[in-house]
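Enquirer: based on what follows, work out the 3D shape:
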Amino acid sequence: MAVYTRDKLPTLFKVVETKPPKVYLVIGDRFLSRQSAGNLEETLLQSGGTVHTVDGDEEDPARTISKLRSFSLLPGRQIYRVSDTRLFHSKKVAQSLWKRALKAHSENKTEAATRNLVAMLTAGGLEPDNPDSNPARLSSREWKKHFDFAHPGGELSWTTPLLNTAATSGKPVAGTQTDDPAILLQKTLETGIPDNNFLLLLAEEVDKRKRLYKYIKEHHAVIDLSVEQGASSSAQKAQKSVLQELVAATLKDMRKSMDGGVIEQLLDRVGFHPVAIVMETEKLCLSIGDRDRITRKDLDAVVGRTRQEALFELTGAIGKKQLGQSLVISARLVENSIHPLAIVATLRNYVRTLLLFKSLQEQPEYGYSSGMQANVFQKQCLSKLKEQQRWKQELSGHPYAVFMQFKTAASFPIVVLTHWLQQILEAEMRLKGSMVEPITVLHHLLISMLTPLNDQGKTEGNHSQKYR
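Expert: Residues are numbered from 1 along each chain as shown. Alright, predicted model coming up:
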């Protein structure tokens, strides 16, 4: 068969209507995968049948294979859907699983954190219910051997209660079988299963080198809904395209419309969270009652201000050295579901820009002075600065905004800005690897940055007195 990406799904559904493959592997975001699996089930069951759902966290693969081999007494097609399957895990996907576990833990999503942590251990060939497999006890060498990426460092004791809960839950823990279930499943499929039986496998991460993956790709169907992550232009474009499709589909289903500018604002406020963008769009549709069109006013009332506006408010308070205001704004950002790591990333970029501008001010060839007016800065300094292409992105904003950032940078010693970057890195590591509440980490960071250092210990203590 083939690999079908999101834009090729209509082609797959036409194939399903005429000569459907027996097995489907759906890869990607859980919401997107379940949405596509639901559409696939509707197509397969047009003439009737039953969907048998199996949770990959609790699955006994031998039992699933046994059902797949058997003829059902129920009428119509029988679809066996396994969510969060671990058949395609290996240590090559362990790092992705670890990142998911960290993110879920930082958001207090215990179930998701446990699921991804257990999956990571299984992928690394460890038994999750064995105390010796506890990540907090693994040496750097053992970690690298099992998971194929460097030990993340930091405090990992938060993993212990999660694994203890999983071990005492009474649910079977995947990864403890002596026979490889992927090999058993492939042999079963090669032998053949009853005509009315179909298998759907859903996974967020897969190792595409696995024999089972290659077999399904060649003989059945792989639906790859993976979306490039990160902040690159290509990643942002891909993420935006997916979100726009979800918004358009939701508006169509609820018979509403939305101005293009309002859609852009909605995407910006929610970020790349497919399930959240659908829920927020549905909330907007319901909030306007009998009206057909969603306006900016409706968006502001239901979804709130943009993330950029809120984050800009935080950096603005830091630039003005307003500690109290910074603490209030950071708490509000967390309450509004902006991830603490996103806040830290914003602070890091902000401080890096200040550090660059402070360094440029100390180079006489650019002619900057602290008492310079905005129009003079634009004519005399900015034009010379823009001749350096390596700073193109940092200098690409509105001239007055750049001027104001130069003024802000002028009020901080370089040694303080450099130390801020170190503090931000430490906060990031705490968010990724400690049990401390994220808001506590953020508040500790802001207090450390904006409270003048004492004269003991730190070299920059004397400089901090300059901006009291």
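Enquirer: element containing Leu267, please.
Expert: helix 260-270 (DSSP states H and E).
Enquirer: okay, the angle between the next helix-or-strand element following that helix and helix 260-270?
Expert: Using DSSP H and E, the helix or strand that follows helix 260-270 in sequence is helix 274-287. Helix 274-287 runs at 130 degrees relative to helix 260-270, counting by axes from the mean of the first three to the mean of the last three C-alpha atoms, to 10 degrees.
Enquirer: list the helices and strands helix 274-287 packs on?
Expert: helix 30-44, helix 233-253, helix 260-270, helix 296-302 (3 or more C-beta pairs under 8 Å, 6 or more residues apart in numbering; DSSP states H and E). The C-beta positions use only the backbone N, C-alpha and C, and glycine is treated the same way.
Enquirer: list the buried residues of the first one.
Expert: Using 16 or more other C-beta atoms under 10 Å as the test for burial, helix 30-44 gives Phe31, Leu32, Ser33, Gln35, Ser36, Ala37, Leu40, Glu41, Leu44.
Enquirer: do the longest one as well
Expert: Judged by neighbour count (16+ other C-beta under 10 Å), helix 233-253 contains these buried residues: Ala238, Gln239, Val242, Leu243, Gln244, Leu246, Val247, Thr250, Leu251.
Enquirer: what's next to it, contact-wise?
Expert: Helix 233-253 is touched from outside by 6, 32, 227-229, 257-258, 263, 266-267, 270, 272, 274, 277-278, 281-282, 285, with contacts defined as C-beta atoms under 8 Å, 6 or more residues apart in numbering.
Enquirer: could you rerun that using 6 Å?
Expert: Helix 233-253 is touched from outside by Val227, Glu228, Ile263, Leu267, Phe272, Pro274, Ile277, Val278, Thr281, with contacts defined as C-beta atoms under 6 Å, 6 or more residues apart in numbering.
Enquirer: over to the last one?
Expert: For helix 296-302, contacts defined as C-beta under 6 Å, 6+ apart pick out Val262, Gln265, Lys283, Leu284, Ser287, Ile288.
Enquirer: look at the first one and say how many residues are nearby.
Expert: Translated: Val262. Number of residues near Val262 (other C-beta atoms under 10 Å) recorded here: 21.
Enquirer: contacting residues around it?
Expert: The neighbourhood of Val262, defined by C-beta under 6 Å, 6+ apart, consists of Arg296, Leu299.
Enquirer: ok, so what distance separates it from Val303?
Expert: Distance, Val262 to Val303, using C-beta to C-beta, to the nearest Å: 10 Å.
Enquirer: then the last one?
Expert: Ile288 sits 13 Å away from Val303 when distances are taken as C-beta to C-beta.
Enquirer: can you give me the helices in the stretch 1-150 of the chain?
Expert: Secondary structure of the stretch 1-150 of the chain by DSSP state H, counting those that start in this stretch: the helices cover 9-18, 30-44, 61-69, 94-106, 110-123, 140-147.
Enquirer: most tightly packed of those helices?
Expert: Of all the helices of the stretch 1-150 of the chain, helix 110-123 has the most neighbours on average by mean count of other C-beta atoms under 10 Å, namely a mean of 22.
Enquirer: for it, C-alpha coordinates in CSV please.
Expert: Taking C-alpha atoms only, helix 110-123 is exported to CSV below (Å, rounded to 0.1, in the frame of the first residue of the first chain):
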residue,chain,number,x,y,z
THR,A,110,-0.3,12.6,36.2
GLU,A,111,-2.0,10.0,34.0
ALA,A,112,-0.3,11.2,30.8
ALA,A,113,3.1,11.6,32.6
THR,A,114,2.8,8.0,33.9
ARG,A,115,1.8,6.6,30.5
ASN,A,116,4.7,8.2,28.7
LEU,A,117,7.2,7.3,31.5
VAL,A,118,6.2,3.7,31.4
ALA,A,119,6.3,3.7,27.6
MET,A,120,9.9,5.2,27.7
LEU,A,121,11.1,2.5,30.1
THR,A,122,9.5,-0.2,27.9
ALA,A,123,11.1,1.3,24.8
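Enquirer: circling back to that earlier point, ChimeraX command for the buried members of the contacts of helix 233-253?
Expert: Selecting only the buried entries of those in ChimeraX, with 16+ other C-beta under 10 Å as the criterion:
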select :227,263,267,272,274,277,278,281
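Enquirer: and Lys386, what does it touch?
Expert: So Lys386 contacts Leu395 (C-beta under 6 Å, 6+ apart).
Enquirer: begin at 39, not 1, for the rest of this chat.
Expert: Will do, 39 is the new start, and the previous item becomes Lys424.
Enquirer: roughly how far apart are it and Leu433?
Expert: Lys424 sits 6 Å away from Leu433, going by C-beta to C-beta.
Enquirer: ok, Val366 next?
Expert: For Val366, the distance to Leu433 - C-beta to C-beta - is 31 Å.
Enquirer: so for the two, which sits in the more crowded spot?
Expert: Ranked by neighbour count (other C-beta under 10 Å), Val366 and Leu433 place Leu433 first, with 17 against 14.
Enquirer: surely that one is in a strand?
Expert: No. Under DSSP: H, G, I helix; E, B strand; the rest coil, Leu433 falls outside any strand and is assigned coil.
Enquirer: what's the strand or helix carrying Val366 in contact with?
Expert: According to DSSP H and E, Val366 maps onto helix 361-373. For helix 361-373, the surrounding residues in contact (C-beta under 6 Å, 6+ apart) are Ala348, Glu351, Leu352, Ala355, Ile356, Ile381, Ile477, Leu480, His481, Leu484, Leu488.
Enquirer: quick check on those: which are buried?
Expert: The neighbour-count test (16+ other C-beta under 10 Å) marks Ala348, Glu351, Leu352, Ala355, Ile356, Ile381, Leu480, His481, Leu484, Leu488 as buried among the contacts of helix 361-373.
Enquirer: for the residue lying closest to the last one once chain neighbours are set aside, give its distance to Ser486.
Expert: Computed as C-beta to C-beta, 6 or more residues apart in numbering, the closest residue to Leu488 that is not its neighbour in sequence is Leu361, at 4.2 Å. Using C-beta to C-beta, Leu361 is found at 10 Å from Ser486.
Enquirer: same question, Ser472
Expert: 16 Å.
Enquirer: okay, those two: which has more neighbours?
Expert: Ser472 (18 against 15).
Enquirer: now the nearest residue to the more buried one once chain neighbours are set aside. Its backbone dihedrals?
Expert: Leaving aside its sequence neighbours, Ser472 sits nearest to Glu193 (C-beta to C-beta, 6+ apart; 4.5 Å). The phi and psi torsions at Glu193 (degrees, to the nearest 10) take the values phi -90, psi 120.
Enquirer: surely Glu193 meets Val474?
Expert: No. Applying C-beta atoms under 6 Å as the test, Glu193 and Val474 come out as separate, 8.5 Å apart.
Enquirer: what's the neighbour count on Leu63?
Expert: By other C-beta under 10 Å, the residues close to Leu63 number 24.
Enquirer: and it, bridged to which residues?
Expert: Beta bridges link Leu63 to Leu239, Val260, judged by DSSP bridges.
Enquirer: contacts only, for it.
Expert: Per C-beta under 6 Å, 6+ apart, neighbours of Leu63: Leu239, Ile254, Val260.
Enquirer: out of those residues, which is nearest to Arg331?
Expert: The closest of those to Arg331 turns out to be Val260 (C-beta to C-beta; 39.7 Å).
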